[in-house]
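Colleague: Take this sequence and fold it.
(2 chains)
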Amino acid sequence: MSVTNLLNNWAAVRHFHPIDDKPHDPYKWAMAIDLDACIGCNACAVACYAENNLPVVGREKFQHGQAMHWMRIERYWNEDSREFPDQGAEFLPMMCQQCEAAPCETVCPVGATNHTQDGLNSQIYNRCIGSRYCSANCPYKVRYFNWYDYPTTDNVWPAEMNYQLNPDVTVRGKGVMEKCTFCVQRLRAAEVTAKGEGRIVREGEVQTACQQSCPTNAISFGNLVDPESRVYKQWKAQQVDLAKDEQEKDKREGGTDLRGYRIFEDLRPYPSVMYLERVRESAV
Amino acid sequence: MIDSESTKNLSGQAFDRRDFLKVLGFGGTAVALSGCGNTSIEDGKETVVSYVEAKDYVIPGVAVYFNSTCAQCDAGCSITGKIREGRVLKLEGNPESSINRGKLCGLGQASVQHHYNPDRVREPLLRNGDKGQAISWEKAYELINEKLQGAKGEEVAFITGDVSGHQKVLLTNYIDSLGSKNHFVYEAVAPAVVRAGNLKSYGVEMPRYRIDKAKVVLSFGADFLGTWISPVHFAQQYAAFRKGVDGQRGVLIQAESKMTLTGANADRWLAVRPGTEGILALGIINALGIATGDVAELVKDYDRARVSRDTGVEPSNIDKIAAILRLRSPSLILAGSAAEGYVHGMQNADAINLLNHVLGNVGKTIEAPVSVPFPQLTQTKGNTASLKKLNDDLAAGKYKVLFNIATNPVYTAPASYKYGDSMAKAGFKVAFAHYLDETALQADLVLPLDSEMEDWGTHVPEYLADTAQINIQQPLMERLHANTRGMGDILLTLVKQRKPEEYKAFDDYYGYLRYAMLQNKAALGGSGDDDVFWNDTLSKGIVKLSGASGALSAKAAVEGLKLPQPEEADKQYPLRLIPSVTSNLRDGRHTNQPWIQESPDPLTTIVWDSWVEVHPKKALELGIVEGDIVKVTSKTGSVNVQVYVFPGIHPEAVSIPMGRGHEAMGRYAKGYGVNPFGIMDAVFEGSTGELAMHETRVNIAKTGQRVIVVKDEGPAGGKQMGRRVALSRSTDQVDLSKEV
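Modeller: Okay, the predicted model is just below:
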């Protein structure tokens, strides 16, 4: 795609939310993460390394902020100047929120990051020129840049370790941006299989790597436009609407007893991940 | 499957696109292509296998799945390996196992990096001065035989970790055949005091804990979500517990001196003065006011004021805990490793278990274990007392031949044992090893083991969930290195040296295993054709057995329960050292797996290094800040380590995680961090003789150096900078019954 072509056909390349002319049909992949079930064990993050060929960068590069963990567990304290964090820590799994109106997409000079029809924020590695504007514009800081050519860096994938690489996922070279894809390789495989059988992907047929490993089932993932899916039911029960920047339930006087929320909703990225607030017992 | 050589050729090299097409398109005609260029394939230097003649189970681009068992810890989770083109790529949990039900922790995920590790030992190595000289297996076996000729049975000793299944049977037979009785089962991090306490309180060593049935869980330092016994299983129970019945969410209270992963998930986390967990338990019994007889007599002096003074827990909190325990039943009280790491660890455990009796939880949330109908296959239970005994014996020069099977005591023994020196006194030391770790480096003969993904085996985990089961371990791919061997195969060869007649029918361990399983086909629930049963067993990866469950003793063990008063702080060494067990590193056997090194510690988010946790109040008092390198000194020794100021620790304690500070093992382990075993005092629990891990006292002093702590959290630490990202609310503000 040349720059001229890109500029002339910008509207076709870039789709803003909401997209009335192209509804999510038949898929809109979305997630719900229950922070009350999440125990912060990191199983999801390691599973992501295994599934998505993430390089281990080592101590020095980690210190420089160059870790490549698409999924990370953020840990917060909420002790409000008490002596001890007597309500424990707050863990929050953070990865690309697959925003419907992604701030990263608008700033990409070459259209390397786009919205797909099934509601993913895609990253096209061989179109990416490494401007890193997307990362600068991401409010969640979930985009990771290849500052080095990891496949040829010492001790990243030394002999034999490279046998573990997942052939379904590109190994990224120097100078490109990458991020969580909702395990797009698994989604595509499931979509193609389903299409071949003349149906859509059923609930439970496809899992992301993080969801699959989670010991407490804190992560649910599925098709948000499929009323049979758990994600659809959760979003509906929590009254979280994908297309709103402020939910009706939050406008109600006296608040709500529902705990579903999206992070930085008011910035209008329309994220595809709903979190469920952590709960703590009031009696103790 | 493709033979391993061609697998390497297909996958190990950096292909360019042309080569790739050639391999796919003209695979069968490699000979005709030679001379067309100068790539290695065209030169005919590499074997090219045509996919047209693919071996069984190989369809290019399509994964096949085999079931096996995870060997990263002893919980015995069943795994499903994804295999493509003859390579294992990723592990998932096997949904059929009642232990992990399709889930797998990060440690389990990382075991592929154990298998593919570049630092694995690849050849049998014989000591030649400071170097290891590669020798053949025949020579190695000959040498072992020769050395054993010159030693009497009682002069031969074995040290292993937990072992179960048919490997255990072979090992036991081999040890018997040598006339030796010296099998030391050693686990550096083992719930040995828990077992002894349970036996006394419930009549069984390891009951089944039903967190999912409890409405309140009060845990005294049991890190059941991170490291305790069977964490993936307990995490699933925990998820059910939090969902609760009728939307009434389970309540978790954690009392400990250093916050564990479980503590970080508690509704109420109580910072207990180190070693006073038992006092708190008796204080709660007192506050409950429902105990009678002996128990009431025992707790009558433990009033709130005194308990609060001793433990540092506020009286109001004791009242709240007693109130919720009275109100919501059944509950479950857990005594974990943290409560037991003291000289009076057993007393602590007794006091804590007493609470379960008082509250009537025994039989409700503490159930009898399922028994395994094959006692010869059950797990031998490792502990630390065995290492003490072995060390004493070695130091006294009692052993001529020492077999060290996949343990690393040179690294995990407290420095005061001087285990390395003791080991040197054994005439001939054989190490069965995956890596050249600290112990293997001191051996005379190192025998390289297959990884768990190349080897056959059976495992019976100590903690069984719904039913008794035998877990099958089978190769997920062909051997990576030609000269490694499976533990079972080695044992079979060795036992054949002694009893050739008995074992002559078995060519290899696979044959032995198959024969042994088929012999018991009926008892294992099989019928009909042998091959059908065997293939079915391998494909499932689990043999479920119907085992009767035993009974629990309903009587509380009050007799002899006497807790010591908390000690005054030592002037020279005012702080307690808590060597913490973290869920990814544990006792340090997996430190050479880079995903583990780069997986942030859940609580501090630190990677690739060790740290000492200091409470903010103590840090202020000592004038230290995050990143200061301090010298932590005990009676035994000292280490220099970076400070992490951490609110989740009692101000009288500091904590250093275990697992780092390797001096050998491999490129990802060596030289990162410090080893707290190196400064641990040799103090022992009074009744079990287990190493009392929390009894070491230390002081800390600034060295004047400061570093930037390498961690995942940002400069704001755990603060949310005005914008709340992770939200939290209390149960009275939320209606959980409406949730999906």
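Colleague: Could you tell me which residues of the stretch 51-200 of chain B lie near chain A?
Modeller: By C-beta under 8 Å from any C-beta of the partner chain, the residues of the stretch 51-200 of chain B that approach chain A are B:61, B:84-85, B:87-93, B:100, B:102-110, B:112-113, B:116-118. C-betas here are computed from N, CA, C, even on glycine.
Colleague: Show me which of those are buried.
Modeller: Neighbour-count burial (16 or more other C-beta atoms under 10 Å in any protein chain shown) applied to these gives B:84-85, B:87-93, B:100, B:102-110, B:112-113, B:116-118.
Colleague: The biggest strand by length in chain B and chain A, are they touching?
Modeller: Longest strand in chain B by number of residues (criterion: DSSP state E): strand B:697-706. No: contact check for strand B:697-706 against chain A, using C-beta under 8 Å from any C-beta: none in range, with a minimum separation of 14.1 Å.
Colleague: any idea of the mean pLDDT in that strand?
Modeller: In this model, strand B:697-706 has a mean pLDDT of 96.
Colleague: what lines up beside the helix or strand just after it in the sheet?
Modeller: Using DSSP states H and E, the helix or strand that follows strand B:697-706 in sequence is strand B:728-730. When pairing is defined by DSSP bridges, strand B:728-730 lines up against strand A:278-280 (parallel).
Colleague: can you give me how far the partner strand is from the chain middle?
Modeller: Mean-position distance between strand A:278-280 and its chain equals 23 Å (C-alpha atoms, centre = their mean, to the nearest Å).
Colleague: Please apply the same query to stretch B:488-504.
Modeller: In this view, stretch B:488-504 has its centroid 30 Å away from the chain centroid, taken as C-alpha atoms, centre = their mean.
Colleague: Would you mark the buried spots in that stretch?
Modeller: By 16+ other C-beta under 10 Å, the buried positions in stretch B:488-504 come out as B:G488, B:D489, B:I490, B:L491, B:L492, B:T493, B:L494, B:V495, B:K496, B:Q497, B:R498, B:Y503.
Colleague: Over to stretch B:504-517?
Modeller: By 16+ other C-beta under 10 Å, the buried positions in stretch B:504-517 come out as B:F506, B:Y509, B:Y510, B:Y512, B:L513, B:R514, B:A516, B:M517.
Colleague: quick one on the thing from earlier: quick one: contacts of the longest strand of chain B?
Modeller: Here strand B:697-706 makes contact (C-beta atoms under 8 Å, 6 or more residues apart in numbering or on different chains) with B:570, B:572-577, B:612, B:614, B:622-625, B:627-635, B:640, B:654, B:679, B:681.
Colleague: Low-confidence stretches in chain B?
Modeller: In the predicted model, chain B carries pLDDT under 70 at residues B:1-57, B:554, B:557, B:722.
Colleague: who in the stretch 51-200 of chain A is up against chain B?
Modeller: Counting by C-beta under 8 Å from any C-beta, the residues of the stretch 51-200 of chain A lying close to chain B are A:51, A:56-59, A:62-63, A:67, A:69, A:72-79, A:83-92, A:151, A:155, A:158-167.
Colleague: Contact partners for residue 217?
Modeller: No chain was given, so I picked chain A. Contacts of A:N217 (C-beta under 8 Å, 6+ apart): A:A37, B:Q236, B:A239.
Colleague: Chain B was what I was after
Modeller: If a contact means C-beta under 8 Å, 6+ apart, then B:V217 has B:I211, B:F241, B:G250, B:V251, B:L252, B:I253, B:S331, B:L332, B:I333, B:L334 as its contacts.
Colleague: which one is B:G686 nearest to, not counting chain neighbours?
Modeller: Sequence neighbours aside, B:V343 is the residue nearest to B:G686 in space, at 5.2 Å (criterion: C-beta to C-beta, 6 or more residues apart in numbering or on different chains).
Colleague: Can I get the buried residues of stretch B:488-504 in a markdown table including distance to A:V142 and secondary structure?
Modeller: Converted to a markdown table, those look like this (distance: C-beta to C-beta, whole Å; DSSP: H, G, I helix; E, B strand; the rest coil):
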| residue | distance to A:V142 | secondary structure |
| --- | --- | --- |
| B:G488 | 46 | helix |
| B:D489 | 47 | helix |
| B:I490 | 47 | helix |
| B:L491 | 49 | helix |
| B:L492 | 51 | helix |
| B:T493 | 53 | helix |
| B:L494 | 53 | helix |
| B:V495 | 55 | helix |
| B:K496 | 57 | helix |
| B:Q497 | 59 | helix |
| B:R498 | 60 | helix |
| B:Y503 | 57 | helix |
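Colleague: can you give me the helices in the stretch 151-300 of chain B?
Modeller: For the stretch 151-300 of chain B, the helices defined by DSSP state H, counting those that start in this stretch cover B:165-177, B:192-202, B:231-243, B:261-264, B:277-288, B:293-299.
Colleague: quick one: which of those is nearest A:V225?
Modeller: Taking C-beta to C-beta, helix B:231-243 is the member of the helices of the stretch 151-300 of chain B nearest to A:V225, at 26.5 Å.
Colleague: tell me what the closest one is packed against?
Modeller: Applying 3 or more C-beta pairs under 8 Å, 6 or more residues apart in numbering or on different chains; DSSP states H and E, we find helix B:231-243 packed against no helix or strand.
Colleague: Go ahead and measure how far it is from the middle of the chain.
Modeller: Relative to the mean C-alpha coordinate of its chain, helix B:231-243 is positioned 19 Å out (C-alpha atoms, centre = their mean).
Colleague: mind checking the SS state of A:S135?
Modeller: Assigned with DSSP: H, G, I helix; E, B strand; the rest coil, A:S135 falls in the helix class.
Colleague: how close does it sit to chain B?
Modeller: Plainly put, A:S135 is 15 Å away from chain B if you go by C-beta to the nearest C-beta, to the nearest Å.
Colleague: Not including adjacent chain positions, what is the nearest residue to that residue?
Modeller: That would be A:R143: by C-beta to C-beta, 6+ apart, it lies 4.1 Å from A:S135.
Colleague: for that neighbour, phi and psi?
Modeller: Torsion angles at A:R143 (phi, psi; degrees, to the nearest 10) stand at phi -100, psi 140.
Colleague: OK, contacts around it?
Modeller: A:R143 makes contact with A:C96, A:C104, A:C134, A:S135, A:M177, A:E178, A:K179, according to C-beta under 8 Å, 6+ apart.
Colleague: Got a quick ChimeraX command for the buried subset of these?
Modeller: Typed into ChimeraX, the line below selects the buried ones among these, using 16+ other C-beta under 10 Å:
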select /A:96,104,134,135,177,178,179
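Colleague: Out of the contacts of A:R143, name the ones that lie in strands.
Modeller: Counting by DSSP E, these place A:M177, A:E178, A:K179 in strands.
Colleague: I'd like those written out as JSON lines, with pLDDT added.
Modeller: Shown next, in JSON lines, are the ones in strands among the contacts of A:R143 (pLDDT from 0 to 100):
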{"residue": "A:M177", "pLDDT": "97"}
{"residue": "A:E178", "pLDDT": "97"}
{"residue": "A:K179", "pLDDT": "97"}
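Colleague: Show me which of those residues is closest to B:P207.
Modeller: Nearest to B:P207 among those is A:K179, at 45.9 Å by C-beta to C-beta.
Colleague: From B:I366, how far off is the closest one?
Modeller: Per C-beta to C-beta, to the nearest Å, A:K179 is found 46 Å from B:I366.
Colleague: next one: B:G457
Modeller: To B:I366, B:G457 is 31 Å away according to C-beta to C-beta.
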